[in-house]
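> Mind looking at a prediction? Sequence and model below.
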Amino acid sequence: MKVSKWFVVIAAIFITSLITANIIAVKLVSISGFFLPAGVVIFPISYIFGDILTEVYGYRLTRFVIWLGFFCNLLAVVAIGIAQALPPAPFWEGQEAYEAILGYTPRLLVASFIAYLIGEFANSYILARMKVITQGRWLWARTITSTIVGQGLDSVVFIFIAFAGVIPAAGLINATITQWIFKSAYEALVTPVTYAVTNYLKRIEGIDTFDYETNFNPLALGD
């Protein structure tokens, strides 16, 4: 697989956004009266750059980056868990703080990983298919539609797997809708940036991929 330096840059930003969002999500913030995990500050960037990857390089390469992001995040989680399990130095007093901030419960990890894969693949698939249907027109409609679906699935899957039985049903629905609206609005607002980056990449890379005969199976990494 031969790729350009720009592809590597976009993929790196995508994966860094994902891992950073998962680390800072432990903090809850209040935005205009709504309580959200701090990860919403940067997590939508992974969708923005996921859109850029699909729009410029196509679903096949984006699928590779989505799985690469999954395994990079898994590596980070394993490393954090091993560091937590190692006995602290007698003079170090930060063990409890470390566990409180970086300690992940298995249920939250499962929710996060499943939601990520479902949301990202749905986002990339819809964007790629709509590009073919619209013959490459109306990028704004394609990015917003794919984000609404992808972020919606991500929010529903994560909230309900992570907190069902812990938070009342009304709270689950409220948290899901709040995250969904915030993340989708985030990407809609930066649509001009998406346009600028995709147009720049298409020009300097000399490519504009259409997935006419692509195998959209998320597991078909070799195709």
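It's in.
> Okay, strands next: where are they in this protein?
Under the criterion DSSP state E, strands of the chain are mapped to 28-31, 34-37.
> Residue 62: which of those is closest?
strand 34-37 (25.0 Å; C-beta to C-beta). C-betas here are computed from N, CA, C, even on glycine.
> That closest one pairs with which strands, parallel or anti?
Neighbouring strands of strand 34-37 in its sheet, by DSSP bridges, are strand 28-31 (antiparallel).
> Could you find the closest non-adjacent residue to the residue nearest the centre of the chain?
Centroid check for the chain by C-alpha atoms, centre = their mean gives residue 46 as the closest residue, at 4.5 Å. Among residues not flanking residue 46 along the chain, residue 17 sits closest, at 4.2 Å (C-beta to C-beta, 6 or more residues apart in numbering).
> neighbours around that neighbour, how many?
Counted by other C-beta atoms under 10 Å, the residues lying close to residue 17 total 22.
> try residue 59
By other C-beta under 10 Å, the residues close to residue 59 number 23.
> roughly how far apart are the residue lying closest to it once chain neighbours are set aside and residue 49?
Leaving aside its sequence neighbours, residue 59 sits nearest to residue 128 (C-beta to C-beta, 6+ apart; 4.2 Å). Counting by C-beta to C-beta, to the nearest Å, the gap from residue 128 to residue 49 is 15 Å.
> same thing with residue 96?
With C-beta to C-beta as the criterion, residue 96 and residue 49 are 36 Å apart.
> Look at these two and report which has more neighbours.
More neighbours surround residue 49 than the other of residue 96 and residue 49, with 24 against 10 (other C-beta under 10 Å).
> Output stretch 140-153 as CSV, nothing but the C-alphas.
Output of stretch 140-153 as CSV, limited to C-alpha atoms (Å, rounded to 0.1, in the frame of the first residue of the first chain):
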residue,chain,number,x,y,z
TRP,A,140,-21.7,19.7,2.7
ALA,A,141,-24.8,17.5,2.5
ARG,A,142,-22.8,14.4,2.4
THR,A,143,-20.6,15.2,5.4
ILE,A,144,-23.5,16.4,7.5
THR,A,145,-25.7,13.5,6.7
SER,A,146,-22.9,10.9,7.3
THR,A,147,-22.1,12.6,10.6
ILE,A,148,-25.6,12.7,11.8
VAL,A,149,-25.9,9.0,11.3
GLY,A,150,-22.4,8.1,12.5
GLN,A,151,-22.5,10.3,15.6
GLY,A,152,-26.0,9.2,16.3
LEU,A,153,-25.1,5.5,16.3
